[in-house]
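**Q** Based on what follows, work out the 3D shape:
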Amino acid sequence: MARGVPAACALAGAVAFIFCGIATASLAQTVQPNKPAGSDIETVTVTGERIPAEVIHAFVQSYARTASSSLDKITRWKKPICVGTEGLSSEDLNQFVTERIEQIAAQSGMPVGVHPCKLNVEIRFTSSPQAFLDQVRVEGPALLTPKRSQVADVAVMRHPIQAWYATGIEDRDGTLILNDEESVGFYGSGSGGNLSPLNTVPTMHAEGSLLRTGLQSEMAHVFVVADSGKTGDFRLGPIADYVAMLALSQAPSFDECRPLPSITNLFAAGCGEALKPVSVTDTDIAFLRGLYNMDAGANLLTQQSGIAGEIEKVMKAKGF
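**A** Reported below is the predicted structural model:
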């Protein structure tokens, strides 16, 4: 089992049993990482003619969209991530995926927890993803969606790898409210506080500006499921990098072909091979750095412009 204490164990006892021992088929032994765990991050450099600013902005807008109707902001981690991976054919392979995500996170400027810690990024490889999701839907639906009324629609495996996000809103005073249809939410003092059920909706303190409200969209938990029957033909390096992008930034879709070479295009239909690198690219890392350097309290357009600016700076430094 991966390092750390599963967050699922704290959310629902039955789901804890799923993550602490119910067997799901392992990925075939033939899948191997293309570099050893613990190695430095290697990225694919985007080469060619100068990339127009409008293409960079289109890339950012295709990925850095608001994925929540509750707040028109880009969601990101604020508290340190604690990653755990299960379901691969050996603990070394599980550990490779975990460490790769942590390496990319650290290079992107986001906080990484020290193990042992309470897992908030959980990765599950299984050859029976729909059966696994059916169990989670019954025993721990909060892992898949904050809205119980939508769980039947959400708990469907439609892609080789999918992610489900638990998110919340933090106001300018550090009060965090998780999006939850049934209990209205959970609250805590700051992003690292213990969360408790709400009996009443608290007052949220915001700034009186259209450009900057001070409200932030924050990730609380990411649950990623990979169908080993559809990913077994890939080396584990690209799979780990793809999972890292899903874990560190909230993906609005899993099959959109984005206009720059990006590991996020790995499974995108209709995407040419030139746009499907075998590792995270300089653009991907710049995107994540922009995400974790942006003003989390600003409006969506300001946030997207900040991320695009970080990518433009990297591309300019490399002569593109």
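**Q** What is the strand ranked longest in the chain packed up against?
**A** Ordering each strand of the chain by length in residues (DSSP state E) puts strand 216-227 first. Applying 3 or more CB pairs under 8 Å, 6 or more residues apart in numbering; DSSP states H and E, one finds that strand 216-227 contacts strand 121-126, helix 129-139, strand 161-170, strand 175-178, helix 236-248. In short, each C-beta sits where N, CA and C put it, glycine included.
**Q** Just the angle for it relative to helix 129-139, thanks.
**A** Per axes from the mean of the first three to the mean of the last three CA atoms, to 10 degrees, the angle that strand 216-227 makes with helix 129-139 is 130 degrees.
**Q** what's the next secondary structure element after strand 216-227?
**A** Where DSSP states H and E defines the elements, the next helix or strand beyond strand 216-227 is helix 228-231.
**Q** as a whole number, average confidence for that next one?
**A** Mean pLDDT, computed over helix 228-231, is 94.
**Q** returning to that earlier point: quick one, which of the helices and strands packed on strand 216-227 gets closest to I104.
**A** I104 sits nearest to helix 236-248 of all those, at 4.5 Å, using CB to CB.
**Q** ok and the longest strand of the chain relative to strand 121-126, angle-wise?
**A** Going by the same axes, to 10 degrees, strand 216-227 makes 20 degrees with strand 121-126.
**Q** can I assume E256 is in contact with F267?
**A** No: using CB atoms under 8 Å, E256 is not in contact with F267, being 10.3 Å away.
**Q** Would you state the helices of this structure in chain order?
**A** For the chain, applying DSSP state H gives helices covering 7-11, 13-19, 53-63, 91-107, 129-139, 151-154, 228-231, 236-248, 282-293, 300-317.
**Q** So for T281, what's the pLDDT?
**A** On pLDDT, T281 comes in at 94.
**Q** Can you tell me how far it is from P116?
**A** To P116, T281 is 33 Å away according to CB to CB, to the nearest Å.
**Q** quick one: which of the two has more around it?
**A** A side-by-side neighbour count of T281 and P116, using other CB atoms under 10 Å, places T281 first with 23 against 10.
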